[in-house]
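> The following block contains a protein sequence and its predicted model.
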Amino acid sequence: QVQLAESGGGLVQAGGSLSLSCTMYRPSGGTFGSYAMAWFRQAPGKEREFVATIAGLGRSTRYADSVKGRFTISRDNAKNTVHLQMNNLKPEDTAVYFCAGGRHTTTMLRSYDVWGQGTQVTVST
């Protein structure tokens, strides 16, 4: 059974940085590189929203407008891991961050069929 495990969340002051990681265990067919990977986030009382996605070989990425220029998604296929580097964090970035795996690099939540449990990111003023 494919599983995703996130790490790296925490509390940071506005303007600070955090790095999230997500590792895939037992990828279907044994190939992490066949998965498009993404990060979504969900703030209290709000719907889960798209943050960033990266293609299987890492050659293309997409970002939500709200994080463009501040967040960077990357992946290490040798380690079955995807990262999200978050710089210049703002209080509105506070949310539970989820990584997800799917077959296409889309912004649509329902396109991803493997999800992690989430990691909390809190940005204080």
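Cool, the structure landed. Residues are numbered from 1 along each chain as shown.
> switch to C-alpha atoms for all contacts and neighbour counts from now on
Will do.
> burial count for residue 42?
Number of residues near residue 42 (other Cα atoms under 10 Å) recorded here: 19.
> what's near enough to touch the nearest residue in space to it that is not next to it in sequence?
Residue nearest to residue 42 in three dimensions, not counting chain neighbours: residue 48, with 4.3 Å by Cα to Cα, 6 or more residues apart in numbering. Residue 48 sits next to 40, 41, 42, 109 when contact means Cα atoms under 8 Å, 6 or more residues apart in numbering.
> again, but for residue 108
Counting by Cα under 8 Å, 6+ apart, residue 108 makes contact with residue 50.
> Just put the contacts of residue 48 in a markdown table and tack on secondary structure and pLDDT.
Below are the contacts of residue 48 laid out as a markdown table (DSSP: H, G, I helix; E, B strand; the rest coil; pLDDT from 0 to 100):
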| residue | secondary structure | pLDDT |
| --- | --- | --- |
| 40 | strand | 98 |
| 41 | strand | 98 |
| 42 | strand | 98 |
| 109 | helix | 96 |
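> Where does pLDDT dip in the protein?
Along the chain, segments meeting pLDDT under 70 span 30.
> how much space between the residue nearest to the spatial centre of it and residue 79?
Nearest residue to the geometric centre of the chain (Cα atoms, centre = their mean): residue 39, 2.4 Å. Using Cα to Cα, to the nearest Å, residue 39 is found at 18 Å from residue 79.
> just residue 48 next, same as before
Applying Cα to Cα to residue 48 and residue 79 gives a distance of 27 Å.
> what about the closest residue to residue 99 other than its chain neighbours, helix or strand, and which?
Excluding the flanking residues, the one nearest residue 99 by Cα to Cα, 6+ apart is residue 39, at 4.5 Å. Applying DSSP states H and E as the criterion places residue 39 in strand 36-42.
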